[in-house]
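Engineer: okay, sequence plus prediction incoming.
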Protein chains: 2
Amino acid sequence: MNDIIAQIIDHRSVRSFKDQELTKEEIHTIVKAAQAASTSSLLQAYTILGITDKEKKAKLAELAGNQSYVEHNGHLFVFCADAHRLEIASQMEGVDLGDTLSSTENFMITVIDAALAAQNASIAAESMGLGICYIGGLRNNLYEVSKLLSIPKHVIPLFGLVVGHPAQMVDKKPRLPMELVYHENGYQTNAVETRKQLEQYNAIISAYYQERTNGKRADRWTSQIAQMLTQKSRAYMKEYVQSQDMDTQ
Amino acid sequence: MNDIIAQIIDHRSVRSFKDQELTKEEIHTIVKAAQAASTSSLLQAYTILGITDKEKKAKLAELAGNQSYVEHNGHLFVFCADAHRLEIASQMEGVDLGDTLSSTENFMITVIDAALAAQNASIAAESMGLGICYIGGLRNNLYEVSKLLSIPKHVIPLFGLVVGHPAQMVDKKPRLPMELVYHENGYQTNAVETRKQLEQYNAIISAYYQERTNGKRADRWTSQIAQMLTQKSRAYMKEYVQSQDMDTQ
């Protein structure tokens, strides 16, 4: 295993940072790495926001569910799916795109492009000795986030990414057994087999929590999932996405 | 700049591979790297298919638009957004999720999770001296792809990823100027400034094509975009995604 793969596999999310801002050079290196990611037909259908304004950062932390590490970190990025720039490009050529930007296919392109860029940013940051954590909580209230960050139509803030000098490292969380995630030549739809493998994973996850909490907690993965998903999360999302003229047809 | 960032920034898509299959060990290392990516609430809402069956591979290449490198490569992965496993997990706990898996929020989670994993796979593969190319053409006909790969409800094949020993390297494609992609403290909505920066990029892209084609081609980026987007691409996508019980509400 080479050093790059060793680093990738050693990933863990960091939620506690030293009080040290990233330098402009570090930020630029991370963005440059993000931009080098693959992109559908060179569309580069994403925009990255960097939040340095302290009030905005505090407000975003509040909107994302009052997680302190969204406010206190080395830098806060916000990754956005972006078809707005494509519209301007087309206008420059005198072309009216009509409603083509609003398609579900286009929505998927922009989300995938943004996510690929973000993961490049994450790997680059970690290679610099920095820690990272994705902030899905940013999607708790995208109407307010959009107002705060002047988000135009055809742009959707997808998640935050906090980066910084780690104050505290946590253990790696074990992932699903590979057989559950990687199937050959077609989707493995044998439910009996799947359940057996999920039970194995439950045992691994329970042991992980037990060890970390001195036996106080021993959640199964399947019970976490079932509990989490019974509540409909961010039920406003379809309405919001469509209000941004995305994913409407 | 460290070695990892140097490698990330040196990325280019490879579309011509030597006739040499990846070893099982290489495939497992790549999948392991994919699994180490960040994932929303440990949901790990994706599945990776590896296609070794020659007939299926040929059929997928045809469906993806007859690109020969989809058939001829070291390995073909298909990355899928996957909420099906979450449903099984919940059933194991006696919980009926009803329609919560069909939400737009859940659709976004699965697409983002799959894309983060795929980019980890790409970086890992490149670190092993392999070349990669994403195959968005897989979305040309997802009804047939789904039938071929036994895709269940709540699962959506998003893209292929071909990996292999490069037979031919191409030049890196220049990316948008950083000022267009990275904005501080809010989305930069100054259209005049944006147009000026896009003109700068047009000059860079034109020069890139001129050099590569001995002057025969000198496309502007904005004209490529305008031309590409006037035709509505994969207009069936919303219907398909919803037929998979995703993104319906």
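Structural biologist: The structure has been received and is ready for your questions.

Engineer: what does the domain assignment say about chain A?
Structural biologist: Chain A is divided into the following domains under automatic domain parsing: A:3-171+A:232-243, A:178-218.

Engineer: for those, which one ends up most surrounded?
Structural biologist: Each of the domains of chain A was scored by mean neighbour count; the highest is domain A:3-171+A:232-243, a mean of 20, by mean count of other Cβ atoms under 10 Å in any protein chain shown. (C-beta placed from N, C-alpha, C; glycine too.)

Engineer: tell me the mean pLDDT for that one?
Structural biologist: Taken as a whole, domain A:3-171+A:232-243 has a mean pLDDT of 97.

Engineer: which residues does residue A:15 contact?
Structural biologist: The neighbourhood of residue A:15, defined by Cβ atoms under 8 Å, 6 or more residues apart in numbering or on different chains, consists of A:67, A:69, A:133, A:168, A:170.

Engineer: please redo it, this time with the cut-off set to 10 Å
Structural biologist: A:67, A:68, A:69, A:70, A:73, A:131, A:133, A:162, A:166, A:167, A:168, A:170 (Cβ atoms under 10 Å, 6 or more residues apart in numbering or on different chains).

Engineer: would you mind putting the CA coordinates of the strand or helix carrying residue A:144 into CSV?
Structural biologist: Taking DSSP states H and E as the criterion, residue A:144 maps to helix A:142-148. The C-alpha trace of helix A:142-148 is given here as CSV (Å, rounded to 0.1, in the frame of the first residue of the first chain):
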residue,chain,number,x,y,z
LEU,A,142,-31.2,26.3,2.8
TYR,A,143,-33.6,29.2,2.4
GLU,A,144,-31.8,31.1,5.1
VAL,A,145,-28.4,29.9,4.0
SER,A,146,-29.2,31.1,0.5
LYS,A,147,-30.2,34.5,1.6
LEU,A,148,-27.1,34.9,3.8
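
Engineer: next secondary structure element downstream of the helix or strand hosting residue A:158?
Structural biologist: Per DSSP H and E, residue A:158 falls inside strand A:155-164. Sequence order places helix A:178-181 as the next helix or strand after strand A:155-164, per DSSP H and E.

Engineer: next structured bit after the longest helix along chain A?
Structural biologist: Using DSSP state H, we find that the single longest helix of chain A is helix A:104-127. Per DSSP H and E, the first helix or strand lying C-terminal to helix A:104-127 is strand A:131-135.

Engineer: partners of that next one, with directions?
Structural biologist: strand A:155-164 (antiparallel) (DSSP bridges).

Engineer: distance of the residue of chain A positioned farthest from its centre from chain B?
Structural biologist: Centroid-distance maximum for chain A: residue A:94 at 35.0 Å, with Cα atoms, centre = their mean. Counting by Cβ to the nearest Cβ, to the nearest Å, the gap from residue A:94 to chain B is 8 Å.

Engineer: helices along chain A, start to end?
Structural biologist: Secondary structure of chain A by DSSP H: the helices cover A:3-9, A:24-35, A:54-63, A:68-71, A:84-92, A:104-127, A:142-148, A:178-181, A:191-212, A:221-230, A:237-243.

Engineer: need the ones you listed in a markdown table with distance to chain B, can you?
Structural biologist: Shown next, in a markdown table, are the helices of chain A (distance: least, Cβ to the nearest Cβ, whole Å):
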| stretch | distance to chain B |
| --- | --- |
| helix A:3-9 | 4 |
| helix A:24-35 | 4 |
| helix A:54-63 | 6 |
| helix A:68-71 | 14 |
| helix A:84-92 | 4 |
| helix A:104-127 | 3 |
| helix A:142-148 | 8 |
| helix A:178-181 | 6 |
| helix A:191-212 | 6 |
| helix A:221-230 | 4 |
| helix A:237-243 | 4 |
